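Asker: Here you go, sequence then predicted model.
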Amino acid sequence: MNINLQAININEFMIRLSVAFILMVFLCITPHFSFGQNNVRLNCPTAISASQFQQIKRNVSSRVNSGDRYRTAISAVKTSCLNTFQLLDLLSMFGEDIDKLDLAIVAYPQLVNKEDVYDVYNAFAYFSTAFRYHDYVHEQSENQSTTQQVQVQPVIQQPVQVSFPSMNYPNPFVYQGNHNCNLPLSEGDFIVFVREIAMQSTEALKLQFAMNLASNSCLTTAQSMKTSTLLQVEQNRLTFLQAAYMRIYDEANFDAAVEVFSFIPNRTALMAYVNNLRATVGQPVPIPCELTDNKFSQIRSILAQENSSSSRLSIAKDQLPAYNCYSSQQIKELVKLFSASSDKLNLSKFAYDYVKDKDNYFFELSPLISSSMDRQALSNYIASRKN
């Protein structure tokens, strides 16, 4: 009888142990089934502190595998209140647009300054990705009253159908003349842009989006004509086409753009504007600089993350030529990232051609260079560039 009781006790103990083990395994794996879900919206009156954000960056950068970095960043932004500057800094740690898009979408509900979310668009390499993020933000704004967390997957909307009037659109693929830019916008990306313009509710907003396209994209004459037809007011069409001209791929075809006007004075005004620019031989109209504070901060952040001085210098030389309107103060901030006097001299000489306030350059940069010989070398270099 004692033997049977003992056997029963052992069996009962094993059953309880098995149940406890199963429960423990279930509790451990359950969180993995809810990855990407965050059913409670955080209350985010202020962003996390700089030290807390730096800890997040360290955690992300410490992951060797790109997938681990992505998952670590996703997990962090789901539970952290960020501002757009912090989000841009975090996005700069990723190279692929699809990773940046996912991360920006997950972070959006926790942004403390959603009114500045348009700054985040600068993080994307492709306009099509920026517009996908814009679609998501627009959807969230419409659903602001809901209390449930919106799914973090990109919002898929029915595309707006856009049609253009029948006109004699020039064919850029057989064009052999002068170019005002090197590579026109692909038709796929162009359609994304014009759909966005067509979605706007007012003529003023349509013109605003069209002007943004004109100032940031290389367009064909046909693309500029089609875009202008989305505007109902002919004066707005004229304003857009004048802005677009300096970024037209098939420049000699641009005379065909007068077809978008019904009124002769508008046709005359466009041709007068274009012919005046064409007459300015050897003096091309400068393209406005597009270096924003956020973009400069991203460049600086990319350099600061490099441990090797040689790699940091190489990346700087790759990044700087994208703009020609740095201030001497901005270059000074980049030079401060280097410790060796020779590296500071190297970057200072390279960056000189890309600054707008060249008269201040030596006075801003020379105090950072410890070697008197290197300071003299910088002075000689600047003098040679002025001659």
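Answerer: Cool, the structure landed. Numbering: from 1, shown residues only.

Asker: any low-confidence regions in the stretch 1-150 of the chain?
Answerer: 1-42, 144-150 (pLDDT under 70).

Asker: switch to 50 and redo it
Answerer: Counting by pLDDT under 50, the stretch 1-150 of the chain has low-confidence residues at 1-3, 5, 8, 25-40, 145, 147-150.

Asker: now the helices: where do they sit in it?
Answerer: For the stretch 1-150 of the chain, the helices defined by DSSP state H, counting those that start in this stretch occupy 2-33, 50-61, 66-78, 84-91, 97-107, 127-142.

Asker: Likewise for the stretch 201-350 of the chain?
Answerer: Using DSSP H, counting those that start in this stretch, helices in the stretch 201-350 of the chain cover 203-216, 221-228, 234-244, 264-279, 293-304, 309-319, 328-335, 341-351.

Asker: Turn the ones you listed into CSV, columns for mean neighbour count and distance to A125.
Answerer: From N, CA and C alone the C-beta is placed, and that goes for glycine too. Output for those, formatted as CSV (neighbours: other CB atoms under 10 Å; distance: least, CB to CB, whole Å):
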stretch, mean neighbour count, distance to A125
helix 203-216, 17, 13
helix 221-228, 25, 20
helix 234-244, 20, 22
helix 264-279, 14, 31
helix 293-304, 17, 12
helix 309-319, 15, 13
helix 328-335, 19, 21
helix 341-351, 20, 23
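
Asker: Tabulate the ones you listed in a markdown table, adding columns for distance to N182 and mean pLDDT.
Answerer: As requested, those are exported to a markdown table (distance: least, CB to CB, whole Å; pLDDT from 0 to 100):
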| stretch | distance to N182 | mean pLDDT |
| --- | --- | --- |
| helix 203-216 | 14 | 90 |
| helix 221-228 | 15 | 95 |
| helix 234-244 | 16 | 94 |
| helix 264-279 | 18 | 91 |
| helix 293-304 | 21 | 87 |
| helix 309-319 | 18 | 86 |
| helix 328-335 | 26 | 93 |
| helix 341-351 | 23 | 91 |
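
Asker: nearest to D250, of those helices?
Answerer: helix 221-228 (5.2 Å; CB to CB).

Asker: which other residues reach that closest one?
Answerer: Contact with helix 221-228 is made by 164, 167, 169-172, 184-185, 190, 193-194, 197, 210, 213-214, 219, 237, 240-241, 244, 248-250, 253-254, 256-257, 259-260, as judged by CB atoms under 8 Å, 6 or more residues apart in numbering.

Asker: Can you select the buried ones from these in ChimeraX?
Answerer: For the buried members of the contacts of helix 221-228, the matching ChimeraX selection, counting by 16 or more other CB atoms under 10 Å, is:
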select :169,170,172,184,185,190,193,194,197,210,213,214,219,237,240,241,244,248,249,250,253,254,256,257,260
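
Asker: Report the contact partners of Q200.
Answerer: Contacts of Q200 by CB under 8 Å, 6+ apart are K206, Q208, F209.

Asker: In a markdown table: these, plus distance to N276.
Answerer: As requested, those are exported to a markdown table (distance: CB to CB, whole Å):
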| residue | distance to N276 |
| --- | --- |
| K206 | 27 |
| Q208 | 26 |
| F209 | 27 |
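
Asker: What are the phi and psi values at V355?
Answerer: V355 has phi and psi values of phi -100, psi 150 when expressed as degrees, to the nearest 10.

Asker: L365 is in contact with that one, correct?
Answerer: No: V355 is beyond contact range of L365, at 9.6 Å (criterion: CB atoms under 8 Å).

Asker: sorry, back to before: looking at the contacts of Q200, which is nearest Y70?
Answerer: Taking these together and measuring to Y70 by CB to CB, the closest member is F209, at 31.5 Å.

Asker: Spatially nearest residue to that closest one, not counting backbone neighbours?
Answerer: Nearest residue to F209, sequence neighbours excluded (CB to CB, 6 or more residues apart in numbering): I197, at 4.6 Å.

Asker: which helices and strands does the helix or strand hosting the one you found pack with?
Answerer: Per DSSP states H and E: I197 is located in helix 187-199. Under the contact definition 3 or more CB pairs under 8 Å, 6 or more residues apart in numbering; DSSP states H and E, helix 187-199 sits against helix 127-142, helix 203-216, helix 221-228.

Asker: now the angle from it to helix 221-228?
Answerer: 20 degrees (axes from the mean of the first three to the mean of the last three CA atoms, to 10 degrees).

Asker: taking the mean pLDDT, what do you get for helix 187-199?
Answerer: For helix 187-199, mean pLDDT rounds to 87.

Asker: hey, C-alpha coordinates of it in PDB?
Answerer: Only the C-alpha atoms of helix 187-199 are listed here, as PDB (Å, rounded to 0.1, in the frame of the first residue of the first chain):
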ATOM      1  CA  GLU A 187       7.300  57.600 -65.500                       C
ATOM      2  CA  GLY A 188       6.400  55.500 -62.500                       C
ATOM      3  CA  ASP A 189       7.700  58.200 -60.000                       C
ATOM      4  CA  PHE A 190       6.100  60.900 -62.100                       C
ATOM      5  CA  ILE A 191       2.700  59.300 -61.800                       C
ATOM      6  CA  VAL A 192       3.100  59.100 -58.100                       C
ATOM      7  CA  PHE A 193       3.700  62.800 -58.000                       C
ATOM      8  CA  VAL A 194       0.900  63.900 -60.200                       C
ATOM      9  CA  ARG A 195      -1.600  61.700 -58.300                       C
ATOM     10  CA  GLU A 196      -0.500  63.500 -55.100                       C
ATOM     11  CA  ILE A 197      -1.100  66.900 -56.800                       C
ATOM     12  CA  ALA A 198      -4.500  65.800 -58.200                       C
ATOM     13  CA  MET A 199      -5.500  64.700 -54.700                       C
END
